[in-house]
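K.L.:
Provided below for reference: sequence and predicted model.
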Amino acid sequence: MRKLNLLLLLIFSGALLNAQIVWNGPTITFTKANGVSPTSAAGQDKITDNVWLTRDVIEGIFNIVTETDYDKRGVSPAGTEWAYGSLSNYNTLTYRSWEGFNGMKPPTMINKPAVLHLIADNIYIGITFTSWGGAGTGAFSYTRTTAATLPITLKGFSASVNRQNTILKWSTATETDNDHFEIEHSVNGKNFITIGQVKANGSSTSEHSYTYIHENVETGKHFYRIIDVDKSGHKSYSQTITLSSGVASALQLHPNPAISFITVTSSFLLNGMEYSVTSVGGQVLLRGKINSQQIDVQKLSQGQYLLTVKSNTGELLKAQFLKK
């Protein structure tokens, strides 16, 4: 049987994971009233030692820790970046400056869920503006989350490859009301699919190690991340790690991701060979014989699938693809 020798290009160190914090606690409201001075405590939202948000009677908000007023060059508030979206998806959002985020039209922000990234602290906060006063008022208000204890302290997350399988390993130093881990995979670094789930330890102050094996990985780049889910349903994401195969697979699929059809190429003569397409859960969804090297995948839902082709010698050739 033909064997694949896969080369691991990158193993991610868990040190960076611990530096990144998602705030997902109870919601509070900050209000700067009409006419309140930005230099007064009542006019400042002191989020961390590095970021105190406020606003003067005109222009936008600024960070009074490092700025004396709003910088019209579009860099205020200093040390922050912003994106519309959910905190649960913080690491998939596109962040911009505050002006780039609201298009220089602050009233358009009202009632739109967003995420604030405090760059120096590397903290992500869910935030929704609820009011914006006109020129001469300096007023605004928003709701945001307060700091909450995350369900785990993640010590490390690494990946290695053994033949056609990716071996994911991670460990926790502590766990609090932790329920499970969801493992996500992508072939392009943007569209992630859940490929498995691992039950968590629950609550513990001692180290625990976990392993997940992603089987039958094809050649090319692969992206992985872990979602930690606590018993109340709150989610926090790990960093994404990337690895790559060094030798071409016996099967190559194009396009990948696919929309309607996939074209299958190989060093083997494929016409007439039997194939099957299975879900990540192992359910066989398509069967047939390859004709003109193409397979119709239009009826498949969006997601990740495994193509298996049986050669005339009985060898099973496998490759993964993503259906858009």
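P.N.:
That came through, no problem. Residues are numbered from 1 along each chain as shown.
K.L.:
give me the pLDDT for residue 284.
P.N.:
Looking at residue 284, its pLDDT is 91.
K.L.:
am I right that it is in contact with residue 276?
P.N.:
Yes. Using CB atoms under 8 Å, residue 284 makes contact with residue 276 at a distance of 5.4 Å. In short, each C-beta sits where N, CA and C put it, glycine included.
K.L.:
from residue 84, how far off is the closest residue to residue 108 other than its chain neighbours?
P.N.:
When the adjacent residues along the chain are set aside, residue 108 lies closest to residue 102, with 5.8 Å between them (CB to CB, 6 or more residues apart in numbering). From residue 102 across to residue 84, the span is 9 Å (CB to CB, to the nearest Å).
K.L.:
who has more neighbours, these two?
P.N.:
residue 102 (21 against 14; other CB atoms under 10 Å).
K.L.:
thought the more buried one was touching residue 112?
P.N.:
No. Using CB under 8 Å, residue 102 is not in contact with residue 112, being 9.2 Å away.
K.L.:
for residue 95, give me its contacts.
P.N.:
When contacts are counted by CB atoms under 8 Å, 6 or more residues apart in numbering, residue 95 touches 81-83, 101, 115, 117.
K.L.:
please read the previous query as pertaining to residue 94.
P.N.:
The neighbours of residue 94, taking CB under 8 Å, 6+ apart as the test, are residue 83.
K.L.:
assumed it was part of a helix.
P.N.:
No. Per DSSP: H, G, I helix; E, B strand; the rest coil, residue 94 lies outside any helix segment and is coil.
K.L.:
need the nearest residue in space to residue 157, chain neighbours excluded.
P.N.:
Nearest to residue 157 is residue 170, by CB to CB, 6+ apart, at 4.3 Å.
K.L.:
same question, residue 260
P.N.:
residue 298 (4.9 Å).
K.L.:
coming back round to it: measure the residue nearest to residue 108 to residue 58 for me?
P.N.:
In terms of CB to CB, residue 102 sits 16 Å off from residue 58.
K.L.:
so the residue nearest to residue 29 when sequence neighbours are not counted bridges to which residues?
P.N.:
Counting by CB to CB, 6+ apart, the nearest residue to residue 29 once its immediate chain neighbours are dropped is residue 143, at 5.0 Å. With DSSP bridges as the criterion, residue 143 is bridged to residue 29, residue 128.
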